[in-house]
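[1] sequence first, then the predicted structure:
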Amino acid sequence: MQKETLLTGQNGTNYAVLPKDVVLGESWDTHALRTVIDDRCLEGRKPTHLFLGRKEANLLRQHLGTAFGEENASNLDHIWYMGLRVVELQCGSVFRVAGNRFVTALGTEPESLARLSAEEIASAWRFDLD
């Protein structure tokens, strides 16, 4: 797994490093992302977020622009892709699937969801970069 430095301080001090789950070439690779998601699910983890560096975010914009028109894919804020919340990082290149979903709407009976309050549903999510 390749690592990318997110923040570099004075004198080259590295503050945070995020491993890459996938290294993309010149185009977006939906199959590679699906493989990472499936692997995590087989481990018992259901990822919640997709962290992208500038390079990967631009490739996703191009990919979505082809399907939905460039004007509809210019902004990745509040975008969900393949069930993951897209988070664009201000760094060169990162492709990281993270988080851990404890309750899924698809895996829960509708009657059970109706009994839960919004706070209970929200507390069932945990943000995890491991």
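    Yep, that arrived. Numbers count the residues shown, from 1 in each chain.

[2] the nearest residue to residue 45 once chain neighbours are set aside bridge partners, please.
    Nearest non-adjacent residue to residue 45, counting by Cβ to Cβ, 6 or more residues apart in numbering: residue 100, 5.2 Å away. Yep, even glycine has a C-beta here, placed from its N, CA and C like the rest. Using DSSP bridges, the beta-bridge partners of residue 100 come out as residue 126.

[3] which of the residues in the lengthiest helix in the chain are buried?
    Using DSSP state H to define each element, the chain has its longest helix at helix 54-68. Residues of helix 54-68 classed as buried: 56, 57, 59, 60, 61, 63, 64 (neighbour count, 16 or more other Cβ atoms under 10 Å).

[4] and the pLDDT at the residue nearest to residue 70 when sequence neighbours are not counted?
    Nearest non-adjacent residue to residue 70, counting by Cβ to Cβ, 6+ apart: residue 61, 7.9 Å away. If you check residue 61, the pLDDT there is 94.

[5] next: residue 19.
    Residue 19 carries a pLDDT value of 75.

[6] repeat for the one 5 residues further on
    You'll see residue 24 listed with a pLDDT of 91.

[7] so what's the residue count around it?
    Look at residue 24: counted by other Cβ atoms under 10 Å, it has 18 neighbours.

[8] which element is it on?
    For residue 24, there is no enclosing helix or strand under DSSP states H and E.

[9] quick check: it vs residue 101, distance?
    Residue 24 sits 24 Å away from residue 101, going by Cβ to Cβ, to the nearest Å.

[10] for residue 76, same thing?
    Taken as Cβ to Cβ, the span from residue 76 to residue 101 is 20 Å.

[11] can you give me the strands in the chain?
    3-8, 14-19, 49-52, 80-81, 84-88, 95-98, 100-101, 125-126 (DSSP state E).
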